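Novice: got a sequence here, can you model it:
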Amino acid sequence: MPGRSSIMPVISFNSVDSALSSLKTCQVSINTGIEVTTDVALALTEHEGGSEEVSNMEDLMLNYVSMDRELEQFIQAVDDVTNQIKQERPERMPDLKALVDKRFNELKNLNNFEDLLKSDKFIHFKGQLKEMKKQVGAEPHNESTSANELDEDIAVTQSQRNFICPITQREMECPVKNKVCGHSYEEEAIIKIIQNKHKQKKKARCPVVGCDNGDVNQNDLSADTTLRRAIENHKKYQMR
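Specialist: Numbers count the residues shown, from 1 in each chain. This is a model prediction of the structure:
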């Protein structure tokens, strides 16, 4: 029989896994905050809100992006420490909190403000604001009501084709934008295509005719809030 010293203790990480699950629910709350902040910033821009108000939304977005980054780093710190312990299999349970805090601080020390400005979520936010500013800037302000209505009709007709999903051929309700090629699709439709192709161990091509993007992944997709607002405004205009 093997000696007592050869029997390694079994360390349970159930509580750690439970804590990680709770932390990941916090990410949902942060993402909700990002979506709400984006909607408010776009609404302010659309209705020509003051630059200070929009700037406040940008600062708030940076705070959310910072929280998201630190939460990701804390989760990574926990993963790094638990993986290290599982590999080394120590004889007694180490001080997990101290080890995680040490690893978390190492990761945080690599942070800088410029990284926040270059993060995908903040760049996406600024891109949507830029698109909304273009839309607002293209609208006439000094013409008669009838001329405005005529221009509005033309603008709606020209942009309406962009509201149609290239997959379903119906007006989109939850559009997502592909950050690789810039095309937008109905979220459910494009995800279904990606999943079906991956089951066949194939790459999903962008369904837009003429697009050379031959490898569409879910990680490439992000909510196209600007387009969604344009579609909603178009529906309101039709009701009028």
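Novice: how is the protein divided into domains?
Specialist: 1-138, 143-240 (automatic domain parsing).
Novice: compile those into TSV and extend it with columns for mean pLDDT and mean neighbour count.
Specialist: Quick note: C-beta positions are derived from backbone N, CA and C, even for glycine. Formatted as TSV, the domains of the chain follow (pLDDT from 0 to 100; neighbours: other CB atoms under 10 Å):
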stretch	mean pLDDT	mean neighbour count
domain 1-138	81	14
domain 143-240	80	15
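Novice: which residues in the protein form strands?
Specialist: Taking DSSP state E to define them, one finds strands in the chain at 175-178, 184-186, 221-223.
Novice: need these in CSV (columns: distance to Asp79).
Specialist: CSV is the format used below for those (distance: least, CB to CB, whole Å):
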stretch, distance to Asp79
strand 175-178, 28
strand 184-186, 33
strand 221-223, 25
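Novice: Val40 and His234, how far apart?
Specialist: Between Val40 and His234 the distance is 21 Å, computed by CB to CB, to the nearest Å.
Novice: an error on my part: the question was meant for Glu35.
Specialist: For Glu35 relative to His234 (CB to CB), the value is 21 Å.
Novice: helices of this protein, residue ranges please.
Specialist: 14-46, 51-88, 96-108, 113-117, 120-137, 145-160, 187-199, 225-239 (DSSP state H).
Novice: mind putting those into JSON lines with distance to Asp212?
Specialist: Putting the helices of the chain into JSON lines (distance: least, CB to CB, whole Å) gives the following:
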{"stretch": "helix 14-46", "distance to Asp212": "30"}
{"stretch": "helix 51-88", "distance to Asp212": "31"}
{"stretch": "helix 96-108", "distance to Asp212": "38"}
{"stretch": "helix 113-117", "distance to Asp212": "30"}
{"stretch": "helix 120-137", "distance to Asp212": "22"}
{"stretch": "helix 145-160", "distance to Asp212": "25"}
{"stretch": "helix 187-199", "distance to Asp212": "17"}
{"stretch": "helix 225-239", "distance to Asp212": "22"}
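Novice: Gln169 is nearest to which of those?
Specialist: Closest approach to Gln169 among these is made by helix 187-199 (9.9 Å; CB to CB).
Novice: who are the packing partners of that closest one?
Specialist: Judged by 3 or more CB pairs under 8 Å, 6 or more residues apart in numbering; DSSP states H and E, helix 187-199 is in contact with strand 175-178, strand 221-223.
Novice: go again using 10 Å as the cut-off
Specialist: Helix 187-199 sits against strand 175-178, strand 184-186, strand 221-223, with contacts defined as 3 or more CB pairs under 10 Å, 6 or more residues apart in numbering; DSSP states H and E.
Novice: between the ones you listed, which gets nearest to Asn213?
Specialist: Per CB to CB, nearest to Asn213 of the helices and strands packed on helix 187-199: strand 175-178, 6.9 Å.
Novice: mind listing the strands that closest one pairs with, and their directions?
Specialist: Counting by DSSP bridges, the strands paired with strand 175-178 are strand 184-186 (antiparallel), strand 221-223 (antiparallel).
Novice: so how far is it from its chain's centroid?
Specialist: On the basis of CA atoms, centre = their mean, to the nearest Å, strand 175-178 sits 11 Å off its chain's mean C-alpha point.
Novice: who touches stretch 63-72?
Specialist: Contacts with stretch 63-72, where a contact means CB atoms under 10 Å, 6 or more residues apart in numbering, come from 23-24, 26-27, 29-38, 104, 107-108, 111, 113, 115-117, 119-123, 125.
Novice: follow-up on the earlier one: okay if I get the strands paired with strand 175-178 as TSV plus distance to Glu53?
Specialist: Converted to TSV, these look like this (distance: least, CB to CB, whole Å):
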stretch	distance to Glu53
strand 184-186	27
strand 221-223	22
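Novice: pull the contacting residues for the closest residue to Ile75 other than its chain neighbours.
Specialist: Leaving aside its sequence neighbours, Ile75 sits nearest to Leu23 (CB to CB, 6 or more residues apart in numbering; 5.8 Å). Applying CB under 10 Å, 6+ apart to Leu23 gives the contacts Leu71, Glu72, Phe74, Ile75, Val78.
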